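Undergrad: coords please:
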Amino acid sequence: MTLPTPELHTARLRLRPFTDADAAPLYALQSDAHVLRYWDSPPWTDPARFQSFLATCRRIEEEGSGARMAVERVSDGAFIGWCGLFGWNPDFRSASLCYVFDAATWGNGYGTETARAVLRWAYGTLDLNRVQAETDTRNAGSARVLEKLGFVREGTLREDCIVNGDVSDSWVFGLLRRDWEAAAESR
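TA: From the prediction side, this is the model:
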């Protein structure tokens, strides 16, 4: 079963499938050591990694296991990051959320706005019951984004990742459909 990558819109953002035109800005993002200091893989050092990334986008869509979307600002069309839903399990009605944004955009609410749009799609179109997210325990900004959206920190994965010799722990966050719906009623 395929899972077509959607195009989602918010007041300030457009989430869309990746295109070849995203190669340079995605490479700039994924090769930024500051941006990826809490990511579970090292920064890219080869621009050709974009083709592999794009192939994975297509593969997970064809397999029906997830979707990766480029995030661009509506006001100027600038690529500012990307987000994804992966590990989609239609039987369990669950998936995991991920996102990464250019450091120059941090603190402007783009992560929260993007994740909110993905969650609307996940709980609406995909009829999910649970969305999970993980973040490095040192990444306070990402934890704040998840908490603003109603995610609950459910546990710690000790020494979960080793990237470039750095050992780190991850927090696991979960958001249940009923909690998402209850929060939506109060907005």
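
Undergrad: quick check: buried residues in the host helix or strand of residue 184?
TA: Using DSSP states H and E, residue 184 maps to helix 177-186. Across helix 177-186, burial judged by 16 or more other C-beta atoms under 10 Å covers 177, 180. To be clear about C-beta, it is placed using only N, CA and C from the backbone, and glycine gets the same treatment.

Undergrad: then it to PDB, C-alphas only?
TA: Written as PDB, here are the backbone C-alpha positions of helix 177-186 (Å, rounded to 0.1, in the frame of the first residue of the first chain):
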ATOM      1  CA  ARG A 177      -5.600  10.800  19.500                       C
ATOM      2  CA  ARG A 178      -7.900  11.500  22.500                       C
ATOM      3  CA  ASP A 179      -5.400  14.000  24.000                       C
ATOM      4  CA  TRP A 180      -5.000  15.700  20.600                       C
ATOM      5  CA  GLU A 181      -8.700  16.000  20.200                       C
ATOM      6  CA  ALA A 182      -9.200  17.300  23.700                       C
ATOM      7  CA  ALA A 183      -6.500  20.000  23.100                       C
ATOM      8  CA  ALA A 184      -8.100  20.900  19.800                       C
ATOM      9  CA  GLU A 185     -11.400  21.600  21.500                       C
ATOM     10  CA  SER A 186      -9.700  24.000  23.900                       C
END
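
Undergrad: what packs against that helix?
TA: When contacts are defined as 3 or more C-beta pairs under 8 Å, 6 or more residues apart in numbering; DSSP states H and E, helix 177-186 packs onto helix 110-124.
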